[in-house]
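Fold the following for me, if possible:
(4 chains)
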2 protein chains.
Amino acid sequence: MADDHDPRTTLELLWDGPGRPRRGPRHQLTVAALVAAAVEVAEQEGVDALSMRRVAARLGVGAATLYTYVPDKSALAALMVDTMIGEAPLPHTRPGTWRDRVEAWAREELRGYRAHPWLVRLVNSGQPVGPHAFAWTDSALRVFDGTGLTGDEALTVVEAVDGYVRGHVAKVVDADRAARWTTPDGRTWDSAQDAFLATRAEPGRYPAVERLTGAPTPEEVFEEGLAWLLDGVGQRIRERADG
Amino acid sequence: MADDHDPRTTLELLWDGPGRPRRGPRHQLTVAALVAAAVEVAEQEGVDALSMRRVAARLGVGAATLYTYVPDKSALAALMVDTMIGEAPLPHTRPGTWRDRVEAWAREELRGYRAHPWLVRLVNSGQPVGPHAFAWTDSALRVFDGTGLTGDEALTVVEAVDGYVRGHVAKVVDADRAARWTTPDGRTWDSAQDAFLATRAEPGRYPAVERLTGAPTPEEVFEEGLAWLLDGVGQRIRERADG
DNA sequence: ATAAACTCCGTACGCCGTTCGGCTTGTCGA
DNA sequence: TCGACAAGCCGAACGGCGTACGGAGTTTAT
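This next block holds a predicted model:
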């Protein structure tokens, strides 16, 4: 599972699909079926339960069989990620101004990851770029057609926003998980932690925290910060248009 | 390793330290020594090699012994994370305007994670809040003393920036790792991937990508996006001050 | 003095990813 | 036509993991 494997075989599998063998018995399965089964496992049992043995069992096949379709587990993860990215709508096809479209893509991304929390871990495990991810980036760049930004400037904006979203997705999904966890006596983890911290933080030691009256939810923070970031981007676009 | 354990015992260990036993032989080790050994393993062998057995071996002790100091591996991870956060400078002690201080903290955070890439994985594994993390948040809030923002507004800004930094840290550290990986014939992974993609992306299929002349580095994107985000925050602060 | 509480840890359980070797199945070359 | 051989399938095994258990030794409270 560590990254000791040559990523080029994974890259070829992502872009070219499986090669056609010239001899031997027919395949019982397809790579797509394998990916679908893996997604089912992750969806139903969580990313920690995602193992080659479980995926194989779901397909009614021995664990070692998977290795005739996929070089290793991380390649399977890469396929899962690119498959899921392929289900997201392309940003440049949305209606409205560049800002409307960026906001729509950011919210859609957040929504998608909240619906499939296991994807967060896989996306952050440093996989090679697949065809769907590439197409998505191309689409995101086209959102800025007509704004006066150069291609490279548009890429900077796309990457800046994408990094923002990635970080906040992690926060929101973490919070979702914390909200789902409950203590044996039925309180949520968040309230339990707050209660604990209240007993440990003696008065005066954390003055700024004491001044808080109500914490914003991670989702509210996401929206506010996105607005600030896009305000700044808008200013940059206006400068380019005026200059 | 999955989150099936009660996080409250971890929380108590983080905040109260180990309890004092009333009977039995003296401890040979301390929790601090255990954390230090774990950090050494992560630092030298990477986060994938971080195992209870390896940490124990480094301390010259049986693996099961660790469980008299720490309830499980995730608690050890939480201690590692809070220890490392404790080494970061506190944002409100820096000189300059609020913006100077925010930029300094963001850059310092990026620098720290690049120096200790293993921390990225541990931080993103959803650990409870420790005393150092709490103190850091309090300090970050105090950066906005005197700006006219309410405490809750300051927290929104802190969280928005923190999420931004988290996402970009992941990108930069990923890129660092990719730059370190080289193909057998001595090329970097990035250039190898680019060469591969060039052969697979037929002309016209990715029009916006074709228009790119030179991609910004993740670090440049980090700086530009941070400036945009803080421009937006500055506008918000000015509105509060004027209104 | 004794019992209780505690540390240390060898051993073991049930997982994991992955490799190996043998069997079977289909195709290609002669 | 038919053997050689490539390829799929997979039971078994290897080395690793987190961690539970129970016994042996050690310290303290009573």
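
Low-confidence bits of chain A, can you list those?
Scanning chain A for pLDDT under 70 picks out A:1-4, A:243.

Flag every residue of it that's near DNA strand D.
A:21-29, A:61-65, A:67-69 (CB under 7 Å from any atom of the strand). Where you see a C-beta, it was placed from the backbone N, CA and C, and this is true even at glycine.

please redo it, this time with the cut-off set to 10 Å
A:18-30, A:34, A:52-53, A:56-57, A:59-69 (CB under 10 Å from any atom of the strand).

just the residues you listed that are near DNA strand C?
Residues of the residues of chain A next to DNA strand D in contact with DNA strand C (CB under 10 Å from any atom of the strand): A:20-28, A:52-53, A:56-57, A:62-68.

Buried ones from the residues you listed, can you make that a PyMOL selection?
The PyMOL selection below is limited to those of these classed as buried (16 or more other CB atoms under 10 Å in any protein chain shown):
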select buried, chain A and resi 52+56+65+66
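
Strands of chain A, residue ranges please.
Assigned strands in chain A: none (criterion: DSSP state E).

distance of the residue most central in space within it from DNA strand D?
Taking CA atoms, centre = their mean, the centroid of chain A lies closest to A:V120, which sits 4.5 Å from it. From A:V120 across to DNA strand D, the span is 21 Å (CB to the nearest atom of the strand, to the nearest Å).

Select the longest helix from chain A.
Criterion DSSP state H: the longest helix present in chain A is helix A:151-180.

just checking, what packs against it?
helix A:98-115, helix A:118-123, helix A:131-142, helix A:189-200, helix A:218-242, helix B:151-180, helix B:218-242 (3 or more CB pairs under 8 Å, 6 or more residues apart in numbering or on different chains; DSSP states H and E).

buried residues in that helix?
Judged by neighbour count (16+ other CB under 10 Å), helix A:151-180 contains these buried residues: A:151, A:153-175, A:178.

before we move on, the earlier item: for the residue nearest to the centre of chain A, give me its contacts.
A:V120 sits next to A:113, A:169-170, A:173 when contact means CB atoms under 8 Å, 6 or more residues apart in numbering or on different chains.

can we see that at 10 Å?
By CB atoms under 10 Å, 6 or more residues apart in numbering or on different chains, A:V120 lies in contact with A:47, A:113-114, A:166, A:169-170, A:172-174, A:177, B:124.

With just CA atoms, put stretch A:73-92 into PDB.
Output of stretch A:73-92 as PDB, limited to C-alpha atoms (Å, rounded to 0.1, in the frame of the first residue of the first chain):
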ATOM      1  CA  LYS A  73      -4.300  -1.800  -4.300                       C
ATOM      2  CA  SER A  74      -3.200   1.700  -4.900                       C
ATOM      3  CA  ALA A  75      -4.000   1.300  -8.600                       C
ATOM      4  CA  LEU A  76      -7.500   0.200  -7.600                       C
ATOM      5  CA  ALA A  77      -7.800   3.300  -5.500                       C
ATOM      6  CA  ALA A  78      -6.600   5.500  -8.400                       C
ATOM      7  CA  LEU A  79      -9.300   3.900 -10.600                       C
ATOM      8  CA  MET A  80     -12.000   4.500  -7.900                       C
ATOM      9  CA  VAL A  81     -11.000   8.200  -7.600                       C
ATOM     10  CA  ASP A  82     -11.000   8.800 -11.400                       C
ATOM     11  CA  THR A  83     -14.300   7.000 -11.700                       C
ATOM     12  CA  MET A  84     -15.900   9.200  -9.100                       C
ATOM     13  CA  ILE A  85     -14.500  12.400 -10.600                       C
ATOM     14  CA  GLY A  86     -16.000  11.300 -13.800                       C
ATOM     15  CA  GLU A  87     -19.500  11.500 -12.200                       C
ATOM     16  CA  ALA A  88     -19.100  15.200 -11.300                       C
ATOM     17  CA  PRO A  89     -20.600  17.800 -13.600                       C
ATOM     18  CA  LEU A  90     -18.100  19.700 -15.700                       C
ATOM     19  CA  PRO A  91     -17.800  23.300 -14.400                       C
ATOM     20  CA  HIS A  92     -17.800  25.100 -17.800                       C
END
